[in-house]
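Undergrad: Got a predicted structure plus its sequence, pasted below:
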Amino acid sequence: MIADLKPYPAYRESGLPWLGSCPNHWSIRRTKILFRERAQKGFPNESLLAATQTKGVVRKEDYGTRTVTASKDLHLLKLVEVGDYVISLRSFQGGIEVAHYRGIISPAYTVLKPQRDAESGYFSYFFKSAQFIQSLSLFVTGIREGQNIDYSRLSRAELPLPPREEQAAIVGYLDWACGRLDRAIRAKRKVIALLNEQKQAVIHRAVTRGLNSSAPLMPSGASWLGDIPVGWAVLRAKYLFREIDERSTTGSEELLSVSHLTGVTPRSQKNITMFKAESYVGHKLCSPGDLVINTMWAWMGALGISKDTGIISPAYAVYRQRGEQRLSQGFIDALLRTRLYIDEFTRRSTGIRSSRLRMYPEEFFKVEILMPPRSEQEEIVSFISTHTANLNVAIERVSGEVDLLREYRTRLIADVVTGKLDVREAAAKLPDAAVEPETALEQEPEELELEEELVEGE
C-alpha cells in the first residue's frame, strides 16, 4: 500500500514558495487561526518537561540524561497539555515538537494549543517535514545557530489544512506506514548492536589478555583489572599523561566532537545537530595523538585519540603522553573505550545523580593503565584491525540500510503531509489493528555532545 500511492487528481498553487502546489480542495490558514498561544503559569507541582527533537515533549525524568535544568522559580514555567506543540530553542533545526505529557516547561519556549481544525495530530507530522523546517528560517532571530523563532512573525504565516476527515486518514496511514518502517529499522539496529558486541569482544580480549591465549598470567595489582599477562606493566595515568590546556587565538581551526560512538572526529563528518558558539576564540585545542575525554560523558565512553588538530569544548580534558611514547595511539584508544575501563571511569566520576557524573583530571590520573611491551601493542592493534574488518564492513552495510529506510520514511512523511501523495484510499483499506502502541516516529539514537544538550530557560 506504500508503493501504490498516487498524486491527487487536481492541484492549485498554494501561494507559499516553500510548499508549491497543494491539493485543490485543501485550505490555506494562518498559524494563529489554527493555534492559540498558551502562556499559563503558576503550576509548580506539575512534571518538568523537556522538548526533544526525536521524542517530542517528554517528561524530564524520562530524558534526564540529556537536559540541564536552570535554577528558577517553578511558578514561572509554562503549562503544557497533551497534544500541545512547543517551539523550543532548536525548533529551527528540527521542527516544532508535540507534547505527549502534561507538565511545565521553560518560559523561553512558546506553547501552542491546537484549535478544532488542527486537533487530529496531522501537524505532529507536518511540523517535522523537511519543507516546513526549511520554512522556519524565515522566522528566526538571533546571532548564533541557537536562534529563536519569532512567533509573532510565525503566527502570521500560512499553513496548508486538509479537511478534518482527511487529516485523520493521513495520521492513520502514516502511523501504520511509519510503524512498519520503524520495525524494520529496529530490527536492523539490533543486528548492528550484535555486530558491535562481537567487535567489542574481540577488542576486549586482545587489549586485556594479549594474543597468546596460553600466556601465563600474574596479578595486576588492581582488583578491577584482575590478572594480566606476565611481562605487562600497570602504571597510573599520571605517569603516562599530562594535561594540556592550549587555547585557540583565532577560533578558525577544525571543529571536533567527542562521542561515545565514534570517539574524536571532525564535526563536519557528523550527522547531528547542536548549538554552535558565536566564537571559538579561547576554546581548547587538541593535536594528533592527544587523548580527549568528554568530562561529562566519560561514563558513557565519550573519549578517544584525536587524529586531527582542532577545537573542542573548553569543558573537555586533553591529555598528552609524557616524554617517550610508551603507548601506541591505536592501543590506548581501544583500551580506554572497553567496557572494563568505562566502568572504572564511572566509578571515578562524581555528581549529584547518575546522569550528571563528571570525571575530572585528578581522578583520571589515578586510573591504572595496562601497558604491554610496545612491540606487542602494535601487534594487538594490527590484530584488531584484521579481525574486526569484516565486522566493520557488515556494520557499515547494515547502517547504510538503516539510513535508506530513514530517508524513505522522511520523504514519505513529507510527500503525504504536503499533499504530493493521496493516502485516502490506502487509509480506508488499513487493517483494524493498524496502529502500533508506540509513537509513529522511530526514536533515533543520539550522540552525546556537551554542546547539544538541551538547556532549559536559556
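TA: Received the coordinates, thanks.

Undergrad: And the residue nearest to His283 when sequence neighbours are not counted, what's its pLDDT?
TA: Using Cβ to Cβ, 6 or more residues apart in numbering and skipping residues adjacent in sequence, the residue nearest His283 is Ile311, 4.7 Å away. (Glycine included, C-beta is placed from N, CA and C.) For Ile311, the model assigns a pLDDT of 95.

Undergrad: who touches the helix or strand containing Ile311?
TA: Element membership for Ile311, per DSSP states H and E: strand 310-312. Strand 310-312 has contacts (Cβ atoms under 8 Å, 6 or more residues apart in numbering) with 248, 251, 253-258, 264, 266, 280, 283-286, 292, 318.

Undergrad: What are the buried residues along the next helix or strand after that strand?
TA: Next helix or strand after strand 310-312 toward the C-terminus (DSSP H and E): strand 317-321. Residues of strand 317-321 classed as buried: 317-319, 321 (neighbour count, 16 or more other Cβ atoms under 10 Å).

Undergrad: Could you spell out the sheet neighbours of the strand holding Ile311, each with its direction?
TA: Under the criterion DSSP bridges, strand 310-312 sits next to strand 254-259 (parallel), strand 284-286 (antiparallel) in its sheet.

Undergrad: gap between the shortest one and the chain center?
TA: Centre-to-centre, strand 284-286 and its host chain are 23 Å apart (Cα atoms, centre = their mean, to the nearest Å).

Undergrad: now swap in the first one and tell me
TA: Once both centres are worked out by Cα atoms, centre = their mean, strand 254-259 turns out to sit 14 Å from its chain's centre.

Undergrad: Show me what counts as buried in that strand.
TA: 255-259.

Undergrad: Just the closest of the residues you listed to Phe241, please.
TA: Among the buried residues of strand 254-259, Val258 lies closest to Phe241 (Cβ to Cβ), at 16.1 Å.

Undergrad: Please report the number of neighbouring residues for the residue nearest to His283.
TA: Ile311 is flanked by 23 other residues according to other Cβ atoms under 10 Å.

Undergrad: and it, how far is that from Leu405?
TA: Ile311 sits 34 Å away from Leu405, going by Cβ to Cβ, to the nearest Å.

Undergrad: Now stretch 186-200: buried residues?
TA: Within stretch 186-200, the residues scored as buried using 16+ other Cβ under 10 Å are 188-189, 191-192, 195, 198-200.

Undergrad: Where does pLDDT dip in the protein?
TA: The chain contains residues with pLDDT under 70 at 1-2, 63-72, 142-147, 270-277, 352-355, 433-458.

Undergrad: Let me see the domain layout of it.
TA: 11-184+399-455, 211-371 (automatic domain parsing).

Undergrad: thinking again about what came up before, closest to Met296 out of the strands paired with strand 310-312?
TA: Between Met296 and the strands paired with strand 310-312, the shortest separation by Cβ to Cβ is 10.1 Å, and it involves strand 254-259.

Undergrad: Tell me where the longest helix sits in the protein.
TA: helix 164-209 (DSSP state H).

Undergrad: Now do that helix: which elements does it pack against?
TA: Packing contacts for helix 164-209, counted by 3 or more Cβ pairs under 8 Å, 6 or more residues apart in numbering; DSSP states H and E, involve helix 122-126, strand 227-229, helix 329-336, helix 339-347, helix 374-387, helix 389-417, helix 424-428.

Undergrad: Comparing these, which comes out most buried?
TA: Comparing those by mean neighbour count (mean count of other Cβ atoms under 10 Å), helix 122-126 ranks first with a mean of 24.

Undergrad: List the buried residues for the next helix or strand after it?
TA: Downstream of helix 122-126, the first helix or strand assigned by DSSP H and E is helix 130-135. Counting neighbours by 16+ other Cβ under 10 Å, one finds that the buried residues in helix 130-135 are 131-133, 135.

Undergrad: Determine the set of other helices and strands touching helix 130-135.
TA: Judged by 3+ Cβ pairs under 8 Å, 6+ apart, the packing partners of helix 130-135 are helix 91-94, helix 389-417.

Undergrad: possible to save these as JSON lines with distance to Pro431?
TA: As requested, the helices and strands packed on helix 130-135 are exported to JSON lines (distance: least, Cβ to Cβ, whole Å):
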{"stretch": "helix 91-94", "distance to Pro431": "32"}
{"stretch": "helix 389-417", "distance to Pro431": "19"}
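
Undergrad: what's the closest of those to Ala302?
TA: Among these, helix 389-417 comes nearest to Ala302, with 19.2 Å by Cβ to Cβ.

Undergrad: rewinding a little: now tabulate the helices and strands packed on helix 164-209 in a markdown table and tack on distance to Arg59.
TA: Putting those into a markdown table (distance: least, Cβ to Cβ, whole Å) gives the following:
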| stretch | distance to Arg59 |
| --- | --- |
| helix 122-126 | 18 |
| strand 227-229 | 45 |
| helix 329-336 | 34 |
| helix 339-347 | 25 |
| helix 374-387 | 41 |
| helix 389-417 | 25 |
| helix 424-428 | 31 |
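
Undergrad: Nearest to Phe43, out of these?
TA: Closest approach to Phe43 among the helices and strands packed on helix 164-209 (Cβ to Cβ): helix 122-126, 23.3 Å.

Undergrad: Show me what the closest one is packed up against.
TA: By 3+ Cβ pairs under 8 Å, 6+ apart, helix 122-126 packs against strand 158-161, helix 164-209, helix 389-417.

Undergrad: Tell me the spacing between Thr110 and Leu136.
TA: In terms of Cβ to Cβ, Thr110 sits 12 Å off from Leu136.

Undergrad: residue contacts, Phe139?
TA: 92, 149-151, 153-154, 157.

Undergrad: Can you tell me which of those is nearest Leu370?
TA: Using Cβ to Cβ, Phe92 comes nearest to Leu370 of the contacts of Phe139, at 46.5 Å.

Undergrad: The closest one and Tyr151: what is the separation?
TA: Phe92 is 12 Å from Tyr151, by Cβ to Cβ.

Undergrad: list the contacts for Val402?
TA: Residues near Val402 by Cβ under 8 Å, 6+ apart: 185, 188-189, 192.

Undergrad: next one: Glu97
TA: For Glu97, counting by Cβ under 8 Å, 6+ apart, the contacting residues are 51-53, 56-57, 85-86, 88, 91, 127.

Undergrad: Most neighbours of all the residues you listed, which one?
TA: So for those (other Cβ under 10 Å), the most neighbours sit at Ala51, 29 neighbours.
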